[in-house]
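Undergrad: After the sequence you'll find the predicted model.
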Amino acid sequence: MTPNPPAELAEPPAAPAATAQPLHVPALPEVPLTEQKGCLYALSQPPLMFFLAFIAVLLAITGAHDLFLE
């Protein structure tokens, strides 16, 4: 027996109506991109590079501490 048995509903939920028609959404026209950006474009941004360099320095400091001071 499970500690929390599932609750039983008084009546089963009603099935969705089968007569509803799906909405027609027109497709947007394709607009060519003016400038293609490579997959490494975000990595070349200065704030992200500063953050990644900071994390790399922290990892290098902790690695050197583990190797040489312990």
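TA: Done, it's in.

Undergrad: Helices along the chain, start to end?
TA: 46-68 (DSSP state H).

Undergrad: show me where pLDDT drops low in it?
TA: Regions of the chain meeting the criterion pLDDT under 70 cover residues 1-2, 4-9, 12-13, 16-20, 22, 33, 39, 70.

Undergrad: quick one: contacts for the most centrally placed residue in it?
TA: Closest to where the C-alpha atoms of the chain average out (CA atoms, centre = their mean) is A42, at 15.7 Å. For A42, the contact set (CB atoms under 8 Å, 6 or more residues apart in numbering) comprises L48. Where C-beta positions appear, they are placed from N, C-alpha and C, glycine not excepted.

Undergrad: distance of it from L52?
TA: Using CB to CB, to the nearest Å, A42 is found at 11 Å from L52.

Undergrad: and what of H65?
TA: On the measure of CB to CB, H65 and L52 end up 20 Å apart.

Undergrad: and what of E30?
TA: On the measure of CB to CB, E30 and L52 end up 35 Å apart.

Undergrad: between these two, who's got more neighbours?
TA: Neighbours per residue, other CB atoms under 10 Å: of E30 and L52, the larger number sits with L52, 11 against 5.

Undergrad: what about Q45, neighbour count?
TA: Using other CB under 10 Å: Q45 sits among 10 other residues.
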